[in-house]
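> Using only what follows, build the 3D model:
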Amino acid sequence: MDEIEQELRGYGPCLVIGEIAGLTAVVLVGVWMGHFRGGFAWTSNPGLMFNWYPLLMTLALIYFYGNGMLVYRNFRGEAKKRLKILHAGLLLGSLGLGALGLKTVFDSHNLAIPPVPNLYSLHSWIGITVVVLFAAQWLSGLVIYLYPGLASHLRVSWLPTHTFMGTLIFVLSIATALLGISEKIFFSLNKTKKYQNRDVEGVIANWFGLSLVAFGIFVVYLVRHPRYKRLTKPDEELLLYENTN
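Numbering: from 1, shown residues only. The predicted model follows:
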C-alpha cells in the first residue's frame with residue numbers, strides 16, 4: 001500500500017516540533033556543560049571530562065534513540081529490509097555513543113583525587129539498567145529481525161514485545177536524565193543558593209529537562225499512534241505469507 005493512501009494528518013507538524021525540542025535539548029546541555037561547567041576535556045582533567053557524559057548520553061539514549069524509533073514512520077516508503085538495517089545501524093551507533101558516555105563518567109570518577117564512588121545514586125542505578133536493557137533489546141532485535149533463518153511467525157509474535165520494550169527504554173532514558181539533571185543542579189548550585197535565586201545556569205538546566213520531556217512526548221505519540229503505523233506493502237505481505245506456509 002502506498003504512503004498516499006494513508007491518513008497522516010498532523011504527522012509532519014508533530015515531527016518538526018519534536019525535532020526542534022530534541023535539538024534544543026542537545027544545544028542546551030552543550031551550553032550548560034560547555035559554558036557554565038567549564039568546557040570539555042579528557043583524562044588530563046577528570047572534572048571537565050565528566051562534562052562529556054550528559055552530552056553524550058543525551059545524544060545516544062535520547063536524541064538518536066528517539067530518531068531510531070521513528071525510522072519506520074519517517075521513511076515508510078522505503079523497502080522494509082532497508083529500514084531494518086537503518087534502524088539497527090542507528091541504534092548500534094547510539095549504543096556505542098552511550099558506552100563512550102559511560103566511560104567518561106566512570107573515568108572522571110576513578111581519576112578524581114580523591115576518587116568519587118560509582119553507582120551509588122538512584123540516577124546511576126536506573127541508568128545502568130537502561131543501558132543493559134538497551135543492549136539486550138538491540139541483540140534480540142538483531143537475531144529476530146535480521147537473522148535470515150528465523151521463522152516469520154516468530155518475528156510477528158515478538159513484535160509487540162519489541163516495540164513495547166523500545167518505548168519503555170526510551171521513556172526510562174528520559175526519566176534517568178531528569179534525575180541526573182536534578183542531581184547535578186543540587187551538587188553544583190544548591191550550596192550557593194544560586195538555584196533558589198533562579199540563576200541563569202539553573203534556568204538553562206530546567207529548560208533542558210523540559211525540552212527532553214517535550215521531545216519524548218512527541219516521539220512516543222508518533223510511534224504509538226495507530227494512524228501513523230507504517231502499512232505493510234503487498235509484496236511484503238506476499239513474502240510473509242510464503243514464509244509462514
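> Excluding chain neighbours, give the residue nearest to the spatially most central residue of the chain in space.
Centroid-nearest residue in the chain, with C-alpha atoms, centre = their mean: Ile62, separated by 2.4 Å. Distances taken as C-beta to C-beta, 6 or more residues apart in numbering place Ser173 nearest to Ile62, at 5.4 Å, with adjacent residues excluded. Where you see a C-beta, it was placed from the backbone N, CA and C, and this is true even at glycine.
> Any figure for the gap between the one you found and Gly77?
29 Å (C-beta to C-beta, to the nearest Å).
> Check the secondary structure at the residue lying closest to Arg76 once chain neighbours are set aside for me.
Nearest in space to Arg76, with sequence neighbours left out and distances taken as C-beta to C-beta, 6+ apart, is Arg230 at 4.3 Å. For Arg230, the assignment made with DSSP: H, G, I helix; E, B strand; the rest coil gives coil.
> count of neighbours near Ser94?
23 (other C-beta atoms under 10 Å).
> ok, now Leu168?
13.
> and Ser152, how many residues sit next to it?
When neighbours are counted by other C-beta under 10 Å, Ser152 comes out with 14.
> Next, the buried residues of the top helix by length along the chain.
Secondary structure assigned by DSSP state H gives helix 152-188 as the longest helix of the chain. Neighbour counts using 16 or more other C-beta atoms under 10 Å place 155, 158, 165-167, 169-170, 172-182, 184-185, 188 of helix 152-188 among the buried residues.
> Also stretch 136-155?
Of all the residues in stretch 136-155, those buried under the rule 16+ other C-beta under 10 Å are Gln137, Trp138, Gly141, Ile144, Tyr145, Arg155.
> Output it as CSV, restricted to C-alpha atoms.
Extracted C-alpha coordinates of stretch 136-155, given in CSV (Å, rounded to 0.1, in the frame of the first residue of the first chain):
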residue,chain,number,x,y,z
ALA,A,136,19.6,-6.8,25.2
GLN,A,137,17.0,-5.1,23.1
TRP,A,138,19.4,-4.5,20.3
LEU,A,139,20.8,-8.0,20.3
SER,A,140,17.4,-9.6,20.4
GLY,A,141,16.3,-7.4,17.6
LEU,A,142,19.3,-8.3,15.5
VAL,A,143,18.7,-12.1,16.0
ILE,A,144,15.0,-12.0,15.5
TYR,A,145,14.6,-9.5,12.7
LEU,A,146,17.9,-9.6,10.7
TYR,A,147,18.8,-13.3,11.0
PRO,A,148,17.6,-14.8,7.7
GLY,A,149,16.8,-18.3,9.0
LEU,A,150,14.3,-17.4,11.7
ALA,A,151,10.6,-18.3,11.0
SER,A,152,8.4,-15.3,10.2
HIS,A,153,5.7,-16.2,12.7
LEU,A,154,8.3,-15.8,15.5
ARG,A,155,9.1,-12.3,14.3
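> any idea which helix or strand comes after the longest helix of the chain?
helix 200-224 (DSSP states H and E).
> Of all the residues in that next one, which ones are buried?
Buried residues in helix 200-224 (16+ other C-beta under 10 Å): 201-202, 204-206, 208-209, 211-212, 214-216, 218-220, 222-223.
> Which of the helices and strands in this protein ranks last by mean pLDDT?
Of all helical and strand segments in the chain, the minimum by mean pLDDT, DSSP states H and E falls on helix 234-244, at a mean of 48.
> Report the mean per-residue pLDDT for the helix or strand that contains Ile144.
For Ile144, the host element (DSSP H and E) is helix 122-146. Mean pLDDT, computed over helix 122-146, is 96.
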